[in-house]
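Q: Got a sequence here, can you model it:
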Amino acid sequence: MYKNLATALRAVCVSALFSAVSISPAFSQSPGQPAAAAPKTEPIKAGFVYVSPITAAGWTKQHDDGRKAVEAALGNQVKTTFVENVAEGADAERVIRDLAATGHQIIFTPSFGYMEPTLKVAQDYPNVKFESITGYKTAANVAVANARYYEGRYLAGIAAGRMSKTGVAGYVAGFPIPEVLQGINAFTLGMRSVNPKATVKVVWLNVWFDPPKERDAAMVLFNQDVDVIAFHTGSTAVIAAAQERGKMAVAYHSDMRGAGPDAQIIAVTHQWGRYYTERVRAVQAGTWKSGTVWGGVREGMIRVGDFGPKVPAAVQQEVLAAQKAVGAGTLHPFRAGKAPVRDNEGNEVIAAGQVLGDAQILKMNWLVEGVQGKLAH
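A: Predicted structure coming up:
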């Protein structure tokens, strides 16, 4: 999620999640021989760098949950270290370099703005493995991974379309980069799949984590007939604002019912534990290789659920059935039906019966019909 305001288009090659590696015992024992002492191996040291503080919910919380999943899976075979609230740029390079210099064999850097500092440090530490999360540049010792957030956004749009009485949704967004545009467009298409007249109003913040600013944007939208709101920012401020105003909200990154117990209708969450664990295991086994992963519902990296109390069982079942269809590949957020999909300026962006490929999705630079707002070109 966290990315610099850059127009660089990410050319990510998608692959399946890396398979878990099972390690064979190093020694076998012959009958009658005394048991040999197992060789003492030092735990793998894994470092994590976070762009914001660890809060009760949000982007950083999900990655820290992934770190904890590594500890739970590997026990005393791993030792993890994290540094939170690290600014992108020079600070990030300093922290990443310090982790590499202090013996960490694998370092996870989950923020787009960490990509260049990660690559720079990786050149000086060729024996250390680096995982650039949401980056797009690889090296011999730098892999990249990201999640198909747009899949969850489409599913959340179905829920929002069913729940909204006004047919008007709000969307508080950080920066107009492809990943955010994918989410806005998928959410709108999901909403309009059940309510063809639905509209989505977007407020751009040009910042990822600024709770007061996020809250103010939500309040502005609630004053414009918006009764359900989504967001692509880093705190729980938007959902807390919805709770305060008696509106509905789609949680992002984490289950946020703690901040909006009545407001939350659904949460779009990303799950990093399996991927992080498999990558640490690969370092442990000596099988780690650079590569790219773009995983979604099918790979278990994106999930919707955590329905709030206002959502009828029929709507929950509809959304969960759609999630299964996305995972099976029979439902794609960016597949046009009998009619083409157009942007909000009337241009055809997906031909009738066609589906966008990954390269097109990764370069997305338009807003779909139904979104009220413009992009700065």
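Q: show me where pLDDT drops low in the stretch 1-150 of the chain?
A: 1-40 (pLDDT under 70).
Q: ok, now how distant is Phe175 from Thr330?
A: 32 Å (C-beta to C-beta, to the nearest Å). In short, each C-beta sits where N, CA and C put it, glycine included.
Q: The two: who's more crowded?
A: Phe175 (19 against 10; other C-beta atoms under 10 Å).
Q: The more buried one and Glu369: what is the separation?
A: 22 Å.
Q: the strands in the stretch 251-377 of the chain, which residues?
A: Assigned by DSSP state E, counting those that start in this stretch, the strands in the stretch 251-377 of the chain fall at 264-270, 292-295, 302-305, 341-342, 348-350, 371-372.
Q: for the stretch 51-200 of the chain, same thing?
A: According to DSSP E, counting those that start in this stretch, the strands that the stretch 51-200 of the chain contains are 78-83, 106-110, 129-133, 142-147, 168-173, 199-204.
Q: Which among those is found nearest to Gln264?
A: Proximity to Gln264, assessed across the strands of the stretch 51-200 of the chain by C-beta to C-beta, is greatest for strand 168-173 (14.5 Å).
Q: got the angle for that closest one vs strand 199-204?
A: Orientation of strand 168-173 against strand 199-204 (axes from the mean of the first three to the mean of the last three C-alpha atoms, to 10 degrees) gives an angle of 20 degrees.
Q: Name the strands paired with strand 168-173 and say parallel or antiparallel.
A: strand 199-204 (parallel), strand 228-232 (parallel) (DSSP bridges).
Q: Of the ones you listed, which stretch is the most buried?
A: Most buried of these, by mean neighbour count (mean count of other C-beta atoms under 10 Å): strand 228-232, with a mean of 28.
Q: what sits up against the next helix or strand after it?
A: Per DSSP states H and E, the first helix or strand lying C-terminal to strand 228-232 is helix 237-245. Residues outside helix 237-245 that contact it (C-beta atoms under 8 Å, 6 or more residues apart in numbering) are 172, 211-212, 214-215, 217-219, 222, 229, 231, 247-249, 251, 256, 259-264.
Q: Report the buried residues of helix 237-245.
A: Using 16 or more other C-beta atoms under 10 Å as the test for burial, helix 237-245 gives Ala237, Val238, Ile239, Ala240, Ala241, Ala242, Gln243, Arg245.
Q: measure the last one to Val297 for me?
A: The span separating Arg245 from Val297 equals 31 Å under the rule C-beta to C-beta.
Q: ok, the nearest residue to Arg148 once chain neighbours are set aside - contacts?
A: Distance criterion C-beta to C-beta, 6 or more residues apart in numbering; nearest residue to Arg148, sequence neighbours excluded, is Gly296 at 3.2 Å. In this structure, Gly296 makes contact with Ala147, Arg148, Glu151, Ile302, Val326, Gly327, judged by C-beta under 8 Å, 6+ apart.
Q: Next, count neighbours for Glu93.
A: Quick note: Glu93 (other C-beta under 10 Å) scores 18 neighbours.
Q: again with Met219
A: Met219, neighbours per other C-beta under 10 Å, totals 15.
Q: Over to Gln316?
A: Count around Gln316 with other C-beta under 10 Å applied: 16.
Q: One more: the one 3 residues further on?
A: A total of 22 residues lie near Val319 under the criterion other C-beta under 10 Å.
Q: give the contact list for it.
A: Residues near Val319 by C-beta under 8 Å, 6+ apart: Leu155, Ile158, Ala159, Ile266, Val304.
Q: can you do 10 Å?
A: Applying C-beta atoms under 10 Å, 6 or more residues apart in numbering, we find Val319 in contact with 155-159, 162, 190, 265-266, 304-305, 307, 311.
Q: Okay, helices next: where are they in this protein?
A: When secondary structure is read from DSSP state H, the chain shows helices at 59-74, 90-101, 115-124, 149-163, 178-194, 211-222, 237-245, 273-285, 313-328, 358-362.
Q: As CSV, could you dump the C-alpha coordinates of the first one?
A: In this case it means helix 59-74. C-alpha atoms of helix 59-74 as CSV (Å, rounded to 0.1, in the frame of the first residue of the first chain):
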residue,chain,number,x,y,z
TRP,A,59,-1.2,-1.9,7.0
THR,A,60,1.6,-2.2,9.5
LYS,A,61,-0.5,-4.3,11.8
GLN,A,62,-1.0,-6.9,9.1
HIS,A,63,2.7,-7.2,8.4
ASP,A,64,3.5,-7.5,12.1
ASP,A,65,0.9,-10.3,12.3
GLY,A,66,2.9,-11.9,9.5
ARG,A,67,6.1,-11.6,11.5
LYS,A,68,4.4,-13.2,14.5
ALA,A,69,3.1,-16.0,12.2
VAL,A,70,6.8,-16.7,11.3
GLU,A,71,7.7,-17.0,15.0
ALA,A,72,4.7,-19.2,15.7
ALA,A,73,5.6,-21.5,12.8
LEU,A,74,9.4,-21.8,13.3
